[in-house]
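**Student:** Sequence first, predicted model second:
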Amino acid sequence: MANKSRRARENAEKVDRTKVYDMNEAFDTLKGFRKAKFDETVEVVVRLGVDPKKSDQMVRGAVSLPHGLGKQVRVVAFAEGEIADACKEAGAIEVGSDELAAKIEGGWTDFDVVIAHPSMMRVVGKLGRVLGPQGKMPSPKSGTVTPNAAQAVSDFCAGKIEFRVDSGSNLHVPVGKASFSSEQLTDNTRAFLDYVMTLRPATAKGAYIRNISVSTTMGPGLKVDYIQQ
């Protein structure tokens, strides 16, 4: 614990809590942190000026990151016949219908994303109480319920991320690994933020993006400036 505390103190000393960092500078600072014993995930938290209790201000979606996530994304798919074969070929770790639903209902949740062909929603619909709380319930808005199920599997395996605003009006997303270059992290973060900007609800008042912070799994957060390009 002593080593962990020392690392945490050293990293915290490298952050100016009163400063809003340029994005490249923020990632350069993160890259200068004393490293953990594993390749930490870099995360972005965005506070939005929306009221998620209002259905017309629920911000959610999915976007492909130019440099992926630097990790294997475990995707399962609900599909049958030739579409199921194509999903398996595209990288899904499990493909099925009623038998896959039964496995998930039985407690298996060792996956990151669920893709469903529209014809399978009769099966997937009953999994809401299992997948909903984990944020894994497929939805047309996030591109996880689609006739092009195999393409969706391929996209998410390659680093497409799904997100939705939480009850505190925040978006939490991974944008890569600490081993990524600052340029790769900046590219991924900008791709995410630029897409979020396109989702601004018409009824949202005032500033849409209120603040942004970036951090590694074990590191302190840095406030970041965002200027659309």
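**Tutor:** That came through fine. Numbering: from 1, shown residues only.

**Student:** what's the closest residue to Phe180 other than its chain neighbours in contact with, if anything?
**Tutor:** Excluding the flanking residues, the one nearest Phe180 by C-beta to C-beta, 6 or more residues apart in numbering is Gly70, at 6.2 Å. In this view, the C-beta of every residue, glycine as well, is placed from N, C-alpha and C. Gly70 sits next to Asp39, Gly176, Lys177, Ser179, Phe180 when contact means C-beta atoms under 8 Å, 6 or more residues apart in numbering.

**Student:** For Val59, state which of these is nearest.
**Tutor:** Within the contacts of Gly70, the smallest distance to Val59 is 21.7 Å, found for Gly176 (C-beta to C-beta).

**Student:** Show me how far the helix or strand containing that closest one is from its chain's centre.
**Tutor:** In the assignment (DSSP states H and E), Gly176 maps to strand 170-177. Distance of strand 170-177 from the chain centroid (C-alpha atoms, centre = their mean, to the nearest Å) equals 5 Å.

**Student:** Determine the set of other helices and strands touching the helix or strand that that strand is followed by.
**Tutor:** Using DSSP H and E, the next helix or strand after strand 170-177 towards the C-terminus is helix 182-198. Helix 182-198 is packed against helix 23-31, strand 41-48, strand 60-64, strand 170-177, strand 209-216, with contacts defined by 3 or more C-beta pairs under 8 Å, 6 or more residues apart in numbering; DSSP states H and E.

**Student:** Using CSV, lay out the ones you listed together with mean pLDDT, distance to Gly143 and mean neighbour count.
**Tutor:** Shown next, in CSV, are the helices and strands packed on helix 182-198 (pLDDT from 0 to 100; distance: least, C-beta to C-beta, whole Å; neighbours: other C-beta atoms under 10 Å):
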stretch, mean pLDDT, distance to Gly143, mean neighbour count
helix 23-31, 93, 26, 20
strand 41-48, 96, 19, 21
strand 60-64, 90, 5, 18
strand 170-177, 94, 15, 20
strand 209-216, 95, 22, 19
